[in-house]
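A.B. asks: What follows is a protein structure lacking sequence information:
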């Protein structure tokens, strides 16, 4: 991550176009596919399920999914520079599709057209910028819309529950929380401190998580948000 760039730049298209013009090596935010695969396999168990990877950049994550047998992985990014590069790079792999698109406006996709949406850092980038509350709400509403009922939005983030859970309340999700050691990004531990596929206890404010893993743990948080149409109807009826 560049240290001389204000973090609010992460929400701007110009920043990513410039970055990908100058950096061609694959880069994976937070975690690589190999470390997250057991969790992806748990929540996206069928290899013919349709998956959307948002804010893909030049990550090898989507490629890792296809290597693992997934047959239909669509990846989007706001940067035309990186999308053009990824289309060229993977032109011989029809299971991998790359499209330039803003995650806040995915009208090119029909309602309920994906089984899973995977996000490594895109919501985080939006939250770094101006109008973050409005734009994050737009993003989550679009993610909800393109997911099938009981589809999953898997968010890998540095954001602790007391910062992230409020966002999910505004769209009716059933949310589970997993954590993964940050150290797994580079060198897998022989015995990870946290069991990746076991969700942590999660209350409305996230205080139960602190009780389970302590303050300021060295982890990435993984929110598995399950779309439940019945919850949205209940919320509408109660309003």
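C.D. replies: Ah, there it is. Note that the structure is predicted; figures quoted are calculated from it, not measured.

A.B. asks: so where's this protein uncertain?
C.D. replies: In the predicted model of the chain, residues 1-11, 13-17, 19-20, 22, 24, 26, 184-192, 235-239 satisfy pLDDT under 70.

A.B. asks: just the helices in this structure please.
C.D. replies: 13-22, 33-43, 61-67, 80-89, 122-128, 132-146, 161-169, 207-213, 229-238 (DSSP state H).

A.B. asks: now, of these, which is deepest in the fold?
C.D. replies: helix 122-128 (a mean of 23; mean count of other Cβ atoms under 10 Å). Heads up, the C-betas are built off the backbone N, CA and C, glycines and all.

A.B. asks: Tell me which other helices or strands the longest strand that the chain contains touches.
C.D. replies: Criterion DSSP state E: the longest strand present in the chain is strand 147-157. With contacts taken as 3 or more Cβ pairs under 8 Å, 6 or more residues apart in numbering; DSSP states H and E, strand 147-157 sits against helix 33-43, strand 114-120, helix 122-128, helix 132-146, strand 219-227.

A.B. asks: The same query, at a cut-off of 7 Å, please.
C.D. replies: Judged by 3 or more Cβ pairs under 7 Å, 6 or more residues apart in numbering; DSSP states H and E, strand 147-157 is in contact with helix 33-43, strand 114-120, helix 122-128, strand 219-227.

A.B. asks: Check the gap between residue 196 and residue 91 for me.
C.D. replies: 33 Å (Cβ to Cβ, to the nearest Å).

A.B. asks: which residues does the residue nearest to the spatial centre of the chain contact?
C.D. replies: For the chain, the residue sitting closest to the mean C-alpha position, by Cα atoms, centre = their mean, is residue 119 at 1.2 Å. Residue 119 is in contact with 54-55, 153-156, counting by Cβ atoms under 7 Å, 6 or more residues apart in numbering.

A.B. asks: and which of those residues is nearest to residue 233?
C.D. replies: residue 153 (18.7 Å; Cβ to Cβ).

A.B. asks: Just confirm that closest one contacts residue 226, I think it does.
C.D. replies: No - assessed by Cβ atoms under 7 Å, residue 153 is found out of contact with residue 226, at 8.0 Å.

A.B. asks: Could you report the distance from the residue lying closest to residue 64 once chain neighbours are set aside to residue 40?
C.D. replies: Computed as Cβ to Cβ, 6 or more residues apart in numbering, the closest residue to residue 64 that is not its neighbour in sequence is residue 33, at 2.9 Å. Distance, residue 33 to residue 40, by Cβ to Cβ: 8 Å.

A.B. asks: what's the answer for residue 99, then?
C.D. replies: On the measure of Cβ to Cβ, residue 99 and residue 40 end up 21 Å apart.

A.B. asks: Excluding chain neighbours, what is closest to residue 34?
C.D. replies: Using Cβ to Cβ, 6+ apart, the nearest residue to residue 34 is residue 64, at 6.6 Å.

A.B. asks: Quickly note the distance from the one you found to residue 80.
C.D. replies: 24 Å.

A.B. asks: Next, the contact list for residue 141, please.
C.D. replies: residue 171.

A.B. asks: no wait, residue 56
C.D. replies: 62, 75-77.

A.B. asks: Pull out the buried positions in the longest strand of the chain.
C.D. replies: 147-148, 151-157 (16 or more other Cβ atoms under 10 Å).
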